[in-house]
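S.K.: Dropping the sequence and predicted coords here.
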Amino acid sequence: MFAFITRRIIQAVVVMLIISFIGFTIKHHVGDPVRELVGVSVKASEREALREKLGLNDPFFVQYKNFLKNAVRGDFGISYFFKKPAAQVILEKAPATLELVFASSILIIILSIPLGTYCAIKPKSILSRLIMGMSIVGVSIPVFLTAIMLIFLFSVNLHILPSYGRGETVAVFGGLWDTGFLTIDGLKHLILPVIALSSIMLPLFIRLIRAEMMEVMQTEYIKFAFAKGLSKKRIWFVHAFKNTLLPVITVGGVQLGIMIAYTILTETVFQWQGMGFMFLEAVERSDTSLLVAYLMFVGVLFVGVNTVVDIIYGLINPKVRISGTK
Amino acid sequence: MMEHLLEVNNLEVKFKLRTGELTAIDNVGFTLDKGERLGIVGESGAGKSVTGFSIINLISKPGYISGGEIMFEGKDLTRVSEDVLRHIRGNRISMIFQDPMMTLNPVFTIGEQMAETILAHKNISRKDALEISVEKLRQVHIPSPETRLNQYPHEFSGGMRQRIVIAISLLLDPAIIIADEPTTALDVTIQAEIMELLLELCEKNDTGMILITHDLGVVSQVTEKIAVMYAGRIVEIGSTENIVANPLHPYTKGLIKALPGSRGTGEKLYQIPGSMPNLTEMPKGCAFHPRCELAEGECFSKVPELIQRGNFRRLAACHKF
């Protein structure tokens, strides 16, 4: 286990270095901090002096090294629009996005497992065909269109759900985290964005679980389990299911990361004050410090999620556990 | 007259395909007494495995039993409910599969896979179930079974895994073990060892065995009765001794002639000319006639019946006797 985790951490560091390099290159080429800092009236010689002072005339890699040094301490520079450290802005916006992604993941897990399993066990039933048909529709419609249709139906026509914002939030963890989970209003505001965000991943997971499970059901060890006289329930939900989970978990980790990217669309349509919404605004304002901070934060999140997924995978698959201890 | 332990009569298995129905097993019948060993031999596709699996009604879809009866302990297994059948599988009639590398579930320990089998049929504690498992592992000569119980299939070699599968098949002291090519996937050196172990355990427990194999050599050493199958039908059935010493059906003759050792050193091995017909293109009359030297007259038009021919104490399906 120790060797396994060490290897994962080294991999994570390499990935983060690559992301930081890309982030820094963007920052280096897109923005001019001096122009952002000073007014039009400042003379060229003064600008040059400022450049020298800020180290902007140093070679590229020296600047990159300084950037890394600051980044390790969580310093990504000042967001010029918010007039606050970029890292702080990100941390303020993160709870909204993470809650959205978390709620969607939960919805996907509790729906895709029973539905996917059912479709695998009874592939010819009418309900299975219906689920498979619906899932095609779900995958095919883009997230922003789903979101707009949801707003049109439930907010504009039926007036039962709010169309934008997070609603009433409560500060928890000493004011570090604003949560929408604790109020009725906050939960109501979550419903439509969560459905919109899940609309692509849920069908994907149902189809994935169904395909994997059908493949597992064809194997010799499942046939042998029947020959041993085990009950159907045990064969489906214990023998077949555990084998189905392995590939699903691997894909699931990656998909969870991709879902963070989809939040950009969902948050924009629902005016959801999270990182995705902020990111789009930062792009429009070429707020480079904020963009780089976002990139790094999502990178850390992605690497973190995948590491956790790999550890879970190792817990389920005995072969991985063995190779990890040796 | 004594009742047989297992009696299969006129068994017919069909496969539902888009283009229509195919008959995979036609009019197959045999009996097995307590502690008796029957070998079913034939080429790939002759219907040996399908026959074996149909006894506990485990034919893969789209196959299904379309006719006949399988009498076991007073019940017709083609007509009983799924629940009754489940309690016979693994309990009264167990199976050993061909490839031990594929038979065990990779994500569960050996102990788990053994204990669950017992618990599916007996109302005892998990601890007792594990104890029985240890005992059975010892019987199949697995060293230090207590620690081996907590290991996963990938930590065992092929031969070891087949021993474990044999142990699982013996867990509930079944009346019959159906062994579908139990040594085919193993190294030649281990094949004899596993076969011997299986024979020894069946003799000790007075367990009946149906050995499905294409290896007539193995069958002649292990079984008391042989059924030779060709294209979904039994073409000859009788005592092992009689059939090996004096085969009647030209196909059986060919099989015995093709055994290594039936010819001198350096000589080319005998081969039956041609290959078995596809189920979709069955020849008219006797299915073997295109490969038979003796074929003439009604061989081309009439399917021969499996009846006693002449004074020989066995049944054969051939017009030429």
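M.R.: Perfect, I can see it now. Residues are numbered from 1 along each chain as shown, chains lettered A, B, ... in the order given.

S.K.: Once you drop chain neighbours, what's closest to A:Val254?
M.R.: A:Asn306 (7.1 Å; Cβ to Cβ, 6 or more residues apart in numbering or on different chains). C-beta coordinates here come from the backbone N, C-alpha and C atoms, glycine included.

S.K.: Is the one you found inside a helix or a strand, and which specific one?
M.R.: Assigned by DSSP states H and E, A:Asn306 belongs to helix A:288-316.

S.K.: from the middle of its chain, how far away would that helix be?
M.R.: With Cα atoms, centre = their mean, to the nearest Å as the basis, helix A:288-316 stands 8 Å off its chain's centre.

S.K.: what pLDDT, on average, does that helix get?
M.R.: Averaging pLDDT along helix A:288-316 yields 84.

S.K.: circling back to that earlier point, ok, the residue nearest to A:Val254 - contacts?
M.R.: Contact analysis of A:Asn306 by Cβ atoms under 8 Å, 6 or more residues apart in numbering or on different chains lists A:Gly253, A:Val254, A:Gly257.

S.K.: which stretches of the stretch 151-300 of chain B have low pLDDT?
M.R.: For the stretch 151-300 of chain B, no stretch is flagged by pLDDT under 70.

S.K.: so where do the strands sit in it?
M.R.: Assigned by DSSP state E, counting those that start in this stretch, the stretch 151-300 of chain B shows strands spanning B:176-180, B:208-213, B:225-230, B:233-239.

S.K.: out of those, which comes closest to chain A?
M.R.: In terms of Cβ to the nearest Cβ, the element of the strands of the stretch 151-300 of chain B nearest to chain A is strand B:176-180, at 8.6 Å.

S.K.: Nearest to chain B: which residue in the stretch 101-250 of chain A?
M.R.: As assessed by Cβ to the nearest Cβ, chain B sits closest to A:Gly229 within the stretch 101-250 of chain A, at 3.4 Å.

S.K.: That residue: neighbouring residues, count only.
M.R.: A:Gly229 has 22 neighbours, counted by other Cβ atoms under 10 Å in any protein chain shown.

S.K.: That one touches B:His87, doesn't it?
M.R.: Yes: with contacts counted by Cβ atoms under 8 Å, A:Gly229 reaches B:His87, the gap being 6.3 Å.

S.K.: can you list residues touching both of those two?
M.R.: Shared contacts of A:Gly229 and B:His87 (Cβ under 8 Å, 6+ apart): B:His121.

S.K.: For the nearest residue to B:Met71 once chain neighbours are set aside, give its distance to B:Val222.
M.R.: Leaving aside its chain neighbours, B:Met71 sits nearest to B:Glu7 (4.3 Å; criterion: Cβ to Cβ, 6+ apart). B:Glu7 is 22 Å from B:Val222, where distance means Cβ to Cβ, to the nearest Å.

S.K.: mind listing what residue 213 touches?
M.R.: As the question left the chain open, I've gone with chain A. Per Cβ under 8 Å, 6+ apart, neighbours of A:Met213: A:Gly116, A:Thr117, A:Ala120, A:Ile121, A:Ala240, A:Phe241, A:Thr244.

S.K.: try chain B instead
M.R.: B:Thr213 sits next to B:Gly39, B:Ile40, B:Val41, B:Lys48, B:Glu181, B:Pro182, B:Thr183, B:Thr184, B:Val219 when contact means Cβ under 8 Å, 6+ apart.

S.K.: quick check, nearest of those to A:Asn70?
M.R.: B:Thr184 (66.3 Å; Cβ to Cβ).

S.K.: Count the neighbours of that closest one for me.
M.R.: 14.

S.K.: which secondary structure element contains residue 24?
M.R.: The chain I'm using is chain A. Counting by DSSP H and E, A:Phe24 is part of helix A:2-30.

S.K.: ah, no, chain B please
M.R.: With secondary structure defined by DSSP H and E, B:Ala24 is part of strand B:20-32.

S.K.: same for that strand, what does it pack against?
M.R.: For strand B:20-32, the packing partners by 3 or more Cβ pairs under 8 Å, 6 or more residues apart in numbering or on different chains; DSSP states H and E come out as strand B:6-17, helix B:48-55, strand B:63-72, strand B:225-230, strand B:233-239.

S.K.: so how far is it from its chain's centroid?
M.R.: 14 Å.

S.K.: what does the following helix or strand past it contact?
M.R.: The element immediately downstream of strand B:20-32 (helix or strand, assigned by DSSP H and E) is strand B:37-41. For strand B:37-41, contacts defined as Cβ under 8 Å, 6+ apart pick out B:30, B:32, B:48, B:51-52, B:199, B:202, B:208-216, B:218-220, B:222-229, B:240, B:255.

S.K.: what angle separates strand B:37-41 from strand B:233-239?
M.R.: Following axes from the mean of the first three to the mean of the last three Cα atoms, to 10 degrees, one obtains 140 degrees for the angle between strand B:37-41 and strand B:233-239.

S.K.: Give me the sheet partners of strand B:37-41 and which way each runs.
M.R.: Neighbouring strands of strand B:37-41 in its sheet, by DSSP bridges, are strand B:208-213 (parallel), strand B:225-230 (parallel).
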